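J.: Mind folding the following:
(2 chains)
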Protein chains: 2
Amino acid sequence: MYEGPVQDLIEELGRLPGIGPKSAQRLAFHLLTIEFADAERLANTIVAVKQKVRFCARCFNVSEREECRICRDPRRDPSVICVVEEPRDLMAMERTGEFRGRYHVLGGAISPIDGVGPDDLRIKELMTRIGDENITEVVIATNPNIEGEATASYLARILKAMELRVSRIASGLPVGGDLEYADEVTLGRAFAGRREL
Amino acid sequence: MYEGPVQDLIEELGRLPGIGPKSAQRLAFHLLTIEFADAERLANTIVAVKQKVRFCARCFNVSEREECRICRDPRRDPSVICVVEEPRDLMAMERTGEFRGRYHVLGGAISPIDGVGPDDLRIKELMTRIGDENITEVVIATNPNIEGEATASYLARILKAMELRVSRIASGLPVGGDLEYADEVTLGRAFAGRREL
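T.: Now for the predicted structure:
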């Protein structure tokens, strides 16, 4: 055990996701050796993000204003919603440049093991938007893992009862990937999702 | 790219050692979702550690006072110094409970590739201590890697010219390890360092 403030810092850093005790210790010692101004800037940035950044009132993306940059953009198609788990998934989708509608960030995925049910996600808010915003199409872009698939199935079931086009992003082999090294589930999905040429 | 403060935070976190762009993004979003008080406590702890913690004037361990807890402890043998690279190595050695002397933290290891030479480490300070403190024994506990071994060789050469016992911690198979899975270098060291029974 270290003395007071060093131990406090190791414990605080160890609370962060993906930071184990060894990493926390390494980070703490790094912070000890850098310039005071640099450490202070990191501390200030943490506080600033909490003070200035909130979630978009419409889609729950991160935003500095009431509504995020995408929801405010008049060039985006307001009738199509792409549903994602987290803001980082939204950013990944934006980087493709393929989607010109708006988003809806659920804030996670259904995971009974972690005690996350449909009511813990922003599904009610999605339903309200579909009712209010003349939505014609919903693209479900939750992750292609167990939780994301469960969430997609749940959403598909309740959305199909409405007059909407509902789709799911494709699973398959990554571009540049290699059939030989693909896992069976991915390859099976790629086969099942084959498109005529 | 994210909007202002989020992007700032991702960049600040990305400057930390071992935190790549993906981890920085994940940490930033984690900080966005936790309570303000929790984020503020982390920020305050970073600043506190910089304000309160310094390096021991004698051994360069982390300390809240002029001299660290170990150097102040009258039960420690002041005639033996264990030389380590970093404070975390000192803590690792302390956890063994095997060493009852004092330490000297070099602040790194000789590494020509990274531009770290003997003058960048606290070797001059070690020499001053050996002259001033009636040191009879020095145990070199730098890491058993290229840089640590180079540092140990360098120290051994200059220390052997003085009237001192100089030793190096043993390399060998980890306790609970398996001969079959040991790399050749480690197994070779274990063989070379064999002890009569």
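
J.: is stretch A:38-51 anywhere near chain B?
T.: Yes: Stretch A:38-51 lies within reach of chain B by C-beta under 8 Å from any C-beta of the partner chain, at A:38-50. No exception for glycine: its C-beta is placed from N, CA and C like everyone else's.

J.: List the buried residues for that stretch?
T.: A:39, A:41-50 (16 or more other C-beta atoms under 10 Å in any protein chain shown).

J.: and these as TSV, adding pLDDT?
T.: Below are the buried residues of stretch A:38-51 laid out as TSV (pLDDT from 0 to 100):
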residue	pLDDT
A:Ala39	95
A:Arg41	95
A:Leu42	95
A:Ala43	96
A:Asn44	95
A:Thr45	95
A:Ile46	95
A:Val47	95
A:Ala48	94
A:Val49	93
A:Lys50	93
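
J.: In helices, which of those appear?
T.: Mapping those onto helices (DSSP state H) picks out A:39, A:41-50.

J.: from the residues you listed, which is closest to B:Asp114?
T.: Using C-beta to C-beta, the shortest approach to B:Asp114 within these belongs to A:Ala39, at 22.2 Å.

J.: Do a quick rundown of the helices in chain A.
T.: According to DSSP H, the helices that chain A contains are A:4-14, A:21-33, A:36-52, A:69-72, A:87-96, A:123-132, A:146-160, A:184-192.

J.: hmm, who's touching the second one?
T.: This means helix A:21-33. Helix A:21-33 is contacted by residues A:6, A:9-11, A:13-14, A:16, A:19, A:39, A:42, B:16-19, B:46, B:49-50, B:53, B:62, B:86-88 when judged by C-beta atoms under 8 Å, 6 or more residues apart in numbering or on different chains.

J.: Quick check, pLDDT for the spatially closest residue to A:Arg75 that is not a sequence neighbour.
T.: Distance criterion C-beta to C-beta, 6 or more residues apart in numbering or on different chains; nearest residue to A:Arg75, sequence neighbours excluded, is A:Arg100 at 7.6 Å. For A:Arg100, the pLDDT comes out at 91.

J.: correct me, but A:Arg100 touches A:Arg76?
T.: Yes: between A:Arg100 and A:Arg76 there is a contact under C-beta atoms under 8 Å: 6.1 Å.

J.: Looking at those two, which is more packed in?
T.: A:Arg76 (16 against 11; other C-beta atoms under 10 Å in any protein chain shown).

J.: For chain B, what's the nearest residue on chain A?
T.: A:Ala43 (3.9 Å; C-beta to the nearest C-beta).

J.: ok, now which ones touch that residue?
T.: B:42-44, B:46-47.

J.: 6 Å instead, please
T.: A:Ala43 makes contact with B:43, B:46-47, according to C-beta atoms under 6 Å, 6 or more residues apart in numbering or on different chains.

J.: Give me the distance from stretch A:9-27 to the chain's centre.
T.: 23 Å (C-alpha atoms, centre = their mean, to the nearest Å).

J.: in that stretch, what counts as buried?
T.: Those would be A:9-10, A:12-14, A:16, A:19, A:23-27, for stretch A:9-27 by 16+ other C-beta under 10 Å.

J.: Distance to B:Met162 and pLDDT for the residues you listed - can I get that in a markdown table?
T.: Listed next are those as a markdown table, based on distance: C-beta to C-beta, whole Å; pLDDT from 0 to 100:
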| residue | distance to B:Met162 | pLDDT |
| --- | --- | --- |
| A:Leu9 | 38 | 94 |
| A:Ile10 | 37 | 94 |
| A:Glu12 | 43 | 95 |
| A:Leu13 | 41 | 95 |
| A:Gly14 | 42 | 94 |
| A:Leu16 | 46 | 95 |
| A:Ile19 | 43 | 94 |
| A:Ser23 | 39 | 92 |
| A:Ala24 | 39 | 94 |
| A:Gln25 | 34 | 91 |
| A:Arg26 | 34 | 91 |
| A:Leu27 | 38 | 94 |
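
J.: Can you pick out the most distant pair from the residues you listed?
T.: A:Glu12 and A:Arg26 (14.2 Å).

J.: need the longest strand for chain A.
T.: Taking DSSP state E as the criterion, chain A has its longest strand at strand A:77-84.

J.: Excluding covalently adjacent residues, which one is nearest to A:Pro144?
T.: Nearest non-adjacent residue to A:Pro144, counting by C-beta to C-beta, 6+ apart: A:Ser171, 4.7 Å away.

J.: Can you report how many residues neighbour that neighbour?
T.: Count around A:Ser171 with other C-beta under 10 Å applied: 14.

J.: again with A:Gly108
T.: 18.

J.: Show me what from chain A comes close to chain B.
T.: A:3, A:5-6, A:8-9, A:12, A:16-17, A:25, A:27, A:29-31, A:36, A:39, A:42-43, A:45-50, A:52-53, A:62, A:64, A:88 (C-beta under 6 Å from any C-beta of the partner chain).

J.: Would you point out which residue is most central in chain A?
T.: Central residue of chain A (C-alpha atoms, centre = their mean): A:Glu86, 1.7 Å from the mean position.

J.: quick one: which of the buried residues of stretch A:9-27 is nearest B:Leu121?
T.: Nearest to B:Leu121 among those, with distances taken as C-beta to C-beta, is A:Arg26, at 19.1 Å.

J.: for chain A, which spans come out with low pLDDT?
T.: Residues of chain A that meet the criterion pLDDT under 70 lie in A:1, A:3, A:196-197.

J.: wait, doesn't A:Asp77 sit right on A:Arg102?
T.: No: at 7.5 Å, A:Asp77 does not count as touching A:Arg102 under the criterion of C-beta atoms under 6 Å.

J.: Compare those two (neighbour count), which wins?
T.: Using other C-beta under 10 Å as the criterion, A:Asp77 and A:Arg102 rank with A:Arg102 on top: 23 against 12.
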